[in-house]
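A.B. asks: sequence and predicted structure below; questions after.
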Amino acid sequence: MRLVLASASPSRAGILRAAGVEPVLHPADVDERGIEKLLAGQPAAEVVAALAEAKAQAVAGNYPQDVVIGADSMLLLGGKLQGKPHTPERTIERWCEQAGKEAVLLTGHCIIGPHGQRWEETSATTVRFAAASASDIAVYAATGEPLECAGAFTLEALGGWFIDSIEGDPSSVIGLSLPVVRRALYSFGLDVSSFWA
């Protein structure tokens, strides 16, 4: 039995690898923007949960004997959900909005077990952003690192310089909550250690 990650995120794969698991990588092909539009006006936690569920469901049929993990993260800043910035210009705009402020990083999880069991949980972690200088923000955006990251930052790499503190699960901020995955596996009657490489 294997853990299948329905994501192209190197950060999510890195979390599992650092935790002793070599995941099967099968990025899900889902219309994320379409799902977000469909759920416009719904609570933020429901949006990330729906995105995670869509990813897990898109992949699960290919792995009936394995555990499939779908996850999606977005930053809730001032009541507005922020996804990936995609461009250096948008990254700089985002950082001008969030520098020196507090926001909540939401990570939705949908985990499907080998007998069709499901575990859905959204974790919320408070992130306190540093009042980063305009020059540092511009250089950080130019590195490309934050362009495909929810909230335009990483915790585990260069972006860590600009995070003053977090309150909650660090792995969830990186993109995948190990405690959530553990709870899911236990609910399926599986041990975490059985997936270690």
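C.D. replies: Noted; the coordinates are in hand. Residues are numbered from 1 along each chain as shown.
A.B. asks: how about S194: what's its closest non-neighbour residue?
C.D. replies: If the residues on either side of it in the chain are set aside, S194 comes closest to M1, at 7.3 Å by Cβ to Cβ, 6 or more residues apart in numbering. In short, each C-beta sits where N, CA and C put it, glycine included.
A.B. asks: name the residues of stretch 30-37 that are buried.
C.D. replies: 30, 35-36 (16 or more other Cβ atoms under 10 Å).
A.B. asks: picking up where we left off before, can you give me the neighbour number for the residue nearest to S194?
C.D. replies: 13 (other Cβ atoms under 10 Å).
A.B. asks: so which helix or strand takes in P64?
C.D. replies: Applying DSSP states H and E as the criterion places P64 outside every helix and strand.
A.B. asks: next up, the contacts around it.
C.D. replies: P64 makes contacts with P114, as judged by Cβ atoms under 8 Å, 6 or more residues apart in numbering.
A.B. asks: residues in contact with A142?
C.D. replies: P88.
A.B. asks: and the gap between it and P170?
C.D. replies: Distance, A142 to P170, by Cβ to Cβ, to the nearest Å: 26 Å.
A.B. asks: again with A6
C.D. replies: On the measure of Cβ to Cβ, A6 and P170 end up 22 Å apart.
A.B. asks: R2 too?
C.D. replies: Distance of R2 to P170, given as Cβ to Cβ: 25 Å.
A.B. asks: tell me the helix or strand right after the longest helix seen in the chain.
C.D. replies: Longest helix in the chain, counting residues (DSSP state H): helix 44-60. Next helix or strand after helix 44-60 toward the C-terminus (DSSP H and E): strand 67-77.
A.B. asks: more neighbours, A6 and P170?
C.D. replies: Higher neighbour count among A6 and P170: A6, with 31 against 13, using other Cβ under 10 Å.
A.B. asks: contact partners for that one?
C.D. replies: Neighbour list for A6: 26-28, 55-56, 58-60, 68-71 [criterion: Cβ under 8 Å, 6+ apart].
A.B. asks: check it and give its pLDDT.
C.D. replies: For A6, the model assigns a pLDDT of 98.
A.B. asks: got it, and G79?
C.D. replies: Looking at G79, its pLDDT is 88.
A.B. asks: relative to R2, how far out is it?
C.D. replies: Per Cβ to Cβ, G79 is found 39 Å from R2.
A.B. asks: returning to what we had before: what is the nearest of the buried residues of stretch 30-37 to A124?
C.D. replies: In terms of Cβ to Cβ, no member of the buried residues of stretch 30-37 lies closer to A124 than E36, at 18.2 Å.
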